[in-house]
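Participant: Structure of the sequence below:
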Amino acid sequence: MTQRYVMAIDQGTTSTRCIVFDPAGRLVSVAQREHQHYFPKPGWVEQDAMEIWRNVDRIIPRALRDASIAREQIVALGITNQRETSVVWDRHTGHPVGKAIVWQDVRTADLVRSLSDRTDAHRVPELSGLPLGTYFSAPKLRWLLDSVPGLRARAERGDVLFGTMETWLIWNLTGGVDGGIHLTDVTNASRTLLMNLENLEWDRELLSFFDIPPAMLPEIRSSSEVYGVTRRVVPGITIAAALGDQQAALFGQTCFSRGDTKCTYGTGGFLLMNTGRSPVRSTHGLLTTVGYRIGDAPAMYALEGSIAVTGSLVQWFRDGLGLISSAPEIETLARTVDDNGGCYIVPAFSGLFAPHWRSEARGIIVGLTSYVTKGHLARAVLEATAWQTREVVDAMNADSGLQATALKVDGGMTTDHLLMQFVADVLDVPVKRPMVIETVSLGVAYAAGLAVGYWADLEVLRRNWHRAAEWQPQADPEHVKAEYGNWKRAVELTFGWSQPPR
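Facilitator: Numbering: from 1, shown residues only. Below you'll find the model as predicted:
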């Protein structure tokens with residue numbers, strides 16, 4: 001019998017990858033191409049959507065060649081993407097009206113402030129589950145409509161289309177100007193500020209608030225269902241899933257039950273907790289979002305907490321201070337001492353994200369004495385990631401009424417055993433890392449495979465999950481409690497630093 005496979009396109013912030021997986025969820029081949037970033041003004045971050053599409057055109061055939069498999073052996077394709085990055089393009093020519101505006105871009109800060117002053121601004125989080133901020137797609141889209149001459153009229157006529165990156169790629173793969181399918185999934189739609197979190201549809205009140213013409217919006221579909229078939233690049237592949245990257249990681253970690261929690265540790269940290277079939281409104285600084293939706297089944301919701309600085313703090317320790325020459329060295333250096341020497345680092349380099357959301361906060365190092373060495377500083381760097389994780393998990397537990405009983409982890413920082421032990425100690429729960437670390441790509445592959453019956457059900461996927469490493473709590477709870485108190489005191493000292501003197 002001919003072996004069958006599932007393909008995933010992982011369209012990330014810095015590169016796009018195409019990965020082929022087998023029935024056991026093992027990686028068979030991977031092809032990758034990086035894309036350029038553009039910074040035309042301070043705070044502006046852009047990408048060329050056409051470059052990203054050209055990269056997809058190259059990596060799909062290469063992934064098939066590297067695996068020595070034919071197109072007919074691919075039963076389904078799923079696409080996962082950097083969330084909130086927004087592109088608008090002409091449906092007749094297929095050309096973007098400008099560069100894609102990346103999720104990190106803050107050009108809409110003045111617009112967001114103006115919108116926040118409106119008397120009905122409170123309706124945005126009530127309907128969408130998200131705070132009104134530059135992070136999300138709607139302000140980016142409104143900025144384009146206000147700034148590009150003639151764009152609003154074209155949008156109202158339906159001549160231009162809007163989408164996040166999975167929408168752009170699906171439209172191109174399914175024909176582009178020749179009948180391309182214009183759709184998004186519920187997870188990406190839930191990050192726009194335009195979708196009603198309860199009925200999973202574009203909300204008229206939110207569209208009116210942001211003044212967005214509905215004719216330019218994609219159809220909202222489930223995360224796992226057959227959307228169509230590729231007509232370009234490699235024709236004939238069934239496209240059957242789309243998930244925002246962090247939701248894809250939740251799915252790849254098989255967090256299918258209420259209370260299941262994962263954290264992806266990269267430049268920053270992204271924690272998601274599955275909260276079940278009803279959205280949980282956060283009162284502790286978290287985001288309420290859609291976790292995933294399989295076919296016609298009810299959507300599963302999640303609480304999300306974003307940590308701005310985790311891996312980038314190690315990079316700063318290496319490049320900014322020059323205290324190590326490579327990132328892995330920080331664990332070796334931190335192990336030269338038994339504790340942090342009374343030193344704490346709060347990396348609020350550009351404010352604090354969840355659960356504080358203090359944009360004026362700035363980073364500090366406190367508790368310095370002549371006793372402190374670079375080993376103590378290295379340990380404080382790693383502990384900062386653990387304490388920030390604790391803050392978000394505490395907020396999740398408080399909001400959801402659930403209790404995280406374990407934390408599944410992925411991302412580059414999980415190779416640091418000392419850090420993972422810190423996380424287990426401060427959370428007082430086991431920390432588990434899977435065999436397959438490509439959880440984002442694997443998650444959307446799982447969703448695509450489910451849609452076509454490649455995998456029978458969620459229980460099969462759970463059995464595919466295999467532990468590569470596990471860290472059990474070892475620290476004295478009273479010591480952890482005291483150290484957490486010190487950390488929180490240090491966090492409070494970061495507040496208000498960027499405000500002008502009176």
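Participant: tell me the SS of Leu303?
Facilitator: strand (DSSP: H, G, I helix; E, B strand; the rest coil).
Participant: Dig out what it forms beta bridges with.
Facilitator: Met273, Thr288 (DSSP bridges).
Participant: pretty sure it contacts Gly401?
Facilitator: No. Using CB atoms under 8 Å, Leu303 is not in contact with Gly401, being 11.1 Å away. For the C-beta atoms, the positions are set from N, CA and C on the backbone; glycine is no exception.
Participant: neighbour count winner among the two?
Facilitator: Leu303 (29 against 10; other CB atoms under 10 Å).
Participant: Now do the contacts for that one.
Facilitator: Leu272, Met273, Thr275, Val280, Ser282, Leu286, Leu287, Thr288, Thr289, Met396, Asp399, Ser400 (CB atoms under 8 Å, 6 or more residues apart in numbering).
Participant: And the residues you listed, which is closest to Tyr484?
Facilitator: Met396 (16.0 Å; CB to CB).
Participant: Who are the contact partners of that closest one?
Facilitator: Applying CB under 8 Å, 6+ apart to Met396 gives the contacts Thr261, Leu271, Met273, His284, Leu286, Leu303, Gly305, Leu402, Ala404.
Participant: returning to that earlier point: now the buried members of the contacts of Leu303.
Facilitator: Leu272, Met273, Thr275, Val280, Ser282, Leu286, Leu287, Thr288, Thr289, Met396, Asp399, Ser400 (16 or more other CB atoms under 10 Å).
Participant: Next up, identify which helix or strand the third one is on.
Facilitator: Taking DSSP states H and E as the criterion, the element that holds Thr275 is strand 269-276.
Participant: residue with max distance from the center of the protein?
Facilitator: Using CA atoms, centre = their mean, the residue of the chain lying farthest from its centre is Ser370. It sits 40.4 Å away.
Participant: Now the phi/psi pair for that residue, please.
Facilitator: In terms of degrees, to the nearest 10, the main-chain angles of Ser370 are phi -70, psi -10.
Participant: in the protein, which ranges drop under the pLDDT threshold?
Facilitator: Applying pLDDT under 70 to the chain flags residues 1, 499-502.
Participant: Residues contacting the strand holding Thr275, please?
Facilitator: Contacts for strand 269-276 (CB under 8 Å, 6+ apart): 246-247, 249-250, 255-264, 289, 291, 300-307, 310, 354, 385, 388-389, 392-393, 396, 400, 402, 404, 411.
Participant: Only the buried members of the residues you listed: can you turn that into a PyMOL selection?
Facilitator: In PyMOL syntax, the buried subset of the contacts of strand 269-276 is picked out as below (16+ other CB under 10 Å):
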select buried, resi 246+247+249+250+255+256+258+259+260+261+262+263+264+289+291+300+301+302+303+304+305+306+307+310+354+385+388+389+392+393+396+400+402+404+411
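Participant: hmm, back to that, nearest to Glu219 among the buried ones among the contacts of Leu303?
Facilitator: When these are compared against Glu219 (criterion: CB to CB), the nearest one is Thr289, at 19.5 Å.
Participant: Pretty sure that closest one sits against Leu243.
Facilitator: No. Checked against CB under 8 Å, the pair Thr289 and Leu243 is beyond contact range at 11.6 Å.
Participant: Quickly list what's touching both of these two.
Facilitator: Thr187.
Participant: Look at the nearest residue to Ala469 once chain neighbours are set aside and say how many residues are nearby.
Facilitator: Nearest non-adjacent residue to Ala469, counting by CB to CB, 6 or more residues apart in numbering: Arg433, 4.6 Å away. For Arg433, the tally of surrounding residues (other CB under 10 Å) stands at 21.
Participant: for Arg433, helix, strand, or coil?
Facilitator: Three-state call for Arg433 (three-state DSSP): strand.
Participant: cool, and Arg463?
Facilitator: Secondary structure of Arg463, per three-state DSSP, is helix.
Participant: so where do the strands sit in the stretch 401-502 of the chain?
Facilitator: 407-410, 431-434, 467-471 (DSSP state E, counting those that start in this stretch).
Participant: and the last one, which residues are buried?
Facilitator: When you say that, I think you mean strand 467-471. Trp471.
Participant: what's the answer for stretch 7-19, then?
Facilitator: Buried residues in stretch 7-19 (16+ other CB under 10 Å): Met7, Ala8, Ile9, Asp10, Gln11, Gly12, Thr13, Thr16, Arg17, Cys18, Ile19.
Participant: Quick check: the farthest pair among those?
Facilitator: Met7 and Thr13 (20.8 Å).
Participant: Tell me, how many residues neighbour the closest residue to Val229 other than its chain neighbours?
Facilitator: Take Val229 and drop its neighbours on the chain: the residue closest to it by CB to CB, 6+ apart is Thr238, 5.7 Å away. Applying other CB under 10 Å, we find 18 residues neighbouring Thr238.
Participant: and Thr238, what does it touch?
Facilitator: So Thr238 contacts Val75, Ala76, Leu77, Val226, Gly228, Val229, Val452 (CB under 8 Å, 6+ apart).
Participant: Adjacent strands (with direction) for the one helix or strand the second one maps to?
Facilitator: Think Ala76. In this structure, Ala76 sits in strand 74-81 according to DSSP H and E. According to DSSP bridges, strand 74-81 forms sheet pairs with strand 5-11 (parallel), strand 238-244 (parallel).
Participant: Give me the distance between the very next helix or strand once past the last one and the centre of its chain.
Facilitator: Read it as strand 238-244. In the C-terminal direction, the helix or strand that comes right after strand 238-244 (DSSP H and E) is helix 245-252. Between the centre of helix 245-252 and the centre of its chain there are 8 Å (CA atoms, centre = their mean, to the nearest Å).
Participant: what's the distance between the helix or strand just after helix 245-252 and the middle of its chain?
Facilitator: Tracing the chain past helix 245-252, the next element assigned as helix or strand by DSSP H and E is strand 261-265. Distance of strand 261-265 from the chain centroid (CA atoms, centre = their mean) equals 10 Å.
Participant: what's the angle from the strand holding Ala76 to helix 245-252?
Facilitator: 140 degrees (axes from the mean of the first three to the mean of the last three CA atoms, to 10 degrees).
Participant: Tabulate the CA atom coordinates of strand 74-81 in PDB.
Facilitator: Presented in PDB, the C-alpha positions along strand 74-81 are these (Å, rounded to 0.1, in the frame of the first residue of the first chain):
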ATOM      1  CA  ILE A  74      -0.500  14.000   0.300                       C
ATOM      2  CA  VAL A  75      -4.000  13.500   1.700                       C
ATOM      3  CA  ALA A  76      -4.400  17.000   3.100                       C
ATOM      4  CA  LEU A  77      -2.700  20.400   3.600                       C
ATOM      5  CA  GLY A  78      -3.100  22.700   6.600                       C
ATOM      6  CA  ILE A  79      -1.900  26.300   7.000                       C
ATOM      7  CA  THR A  80      -0.800  28.000  10.200                       C
ATOM      8  CA  ASN A  81       0.300  31.600  10.300                       C
END
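Participant: sorry, back to before: hang on, the residue nearest to Ala469 packs against Thr414?
Facilitator: Yes. Between Arg433 and Thr414 there is a contact at 5.0 Å, judged by CB under 8 Å.
Participant: Between those two, which contacts overlap?
Facilitator: Met420, Ala469.
Participant: Which residues in stretch 423-438 does the neighbour count mark as buried?
Facilitator: 423-427, 429, 431-434, 436-438.
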